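> The sequence and its predicted three-dimensional model are supplied below.
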Amino acid sequence: MNKPVRSASMVSVNLPASAVEDLNARVESGEFASLDEAVVAALLELEHFRAVELLGGEAAFQALAEGIEADPATGAGEVDAFEFLHALKTRYEDMADAQDDQA
């Protein structure tokens, strides 16, 4: 993760033993500093897949990301990944809803 989450809430989840083993192995290998960090990364990956799906595929997502990086007016730099992906998801859900309303 490039930026720590500014505010966090405690959440308890039950994971399959195989998922816990995989996450612990990734922590032990040094990929993540802690189990918390590994779980957050997994959730961010899920949000990424959802955002890609809402945009219509990997190519559309990549085009959006490249457009943001290429435009200095966007102020792209370090951002909170959860906030960014949530805003992106909300934006494209609203667009999908608007298309459904027009149909």
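On my side now, so go ahead.
> which stretches of the protein have low pLDDT?
Along the chain, the parts satisfying pLDDT under 70 run over 1-7, 72-79, 103.
> can you pull out the helices in it?
17-28, 35-55, 58-70, 81-102 (DSSP state H).
> wait, which of these is closest to V11?
helix 35-55 (9.3 Å; Cβ to Cβ). Where you see a C-beta, it was placed from the backbone N, CA and C, and this is true even at glycine.
> what angle sits between that closest one and helix 17-28?
Calculated by axes from the mean of the first three to the mean of the last three Cα atoms, to 10 degrees, helix 35-55 forms an angle of 110 degrees with helix 17-28.
> when you give positions from now on, start the count at 22
Will do, 22 is the new start, and the previous item becomes helix 56-76.
> If you count contacts, what does helix 56-76 end up packed against?
helix 38-49, helix 79-91, helix 102-123 (3 or more Cβ pairs under 8 Å, 6 or more residues apart in numbering; DSSP states H and E).
> okay, these in a markdown table with distance to A29 and mean neighbour count next?
Listed next are those as a markdown table, based on distance: least, Cβ to Cβ, whole Å; neighbours: other Cβ atoms under 10 Å:
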| stretch | distance to A29 | mean neighbour count |
| --- | --- | --- |
| helix 38-49 | 18 | 13 |
| helix 79-91 | 26 | 12 |
| helix 102-123 | 10 | 13 |
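> Export the ones you listed to a markdown table and append columns for distance to V61.
A markdown table is the format used below for these (distance: least, Cβ to Cβ, whole Å):
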| stretch | distance to V61 |
| --- | --- |
| helix 38-49 | 11 |
| helix 79-91 | 20 |
| helix 102-123 | 8 |
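> wait, which of those helices is closest to E66?
Closest among the helices and strands packed on helix 56-76, using Cβ to Cβ: helix 102-123, at 10.1 Å.
> Now render the helices of the chain as CSV, adding distance to V32.
Formatted as CSV, these follow (distance: least, Cβ to Cβ, whole Å):
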stretch, distance to V32
helix 38-49, 15
helix 56-76, 9
helix 79-91, 27
helix 102-123, 13
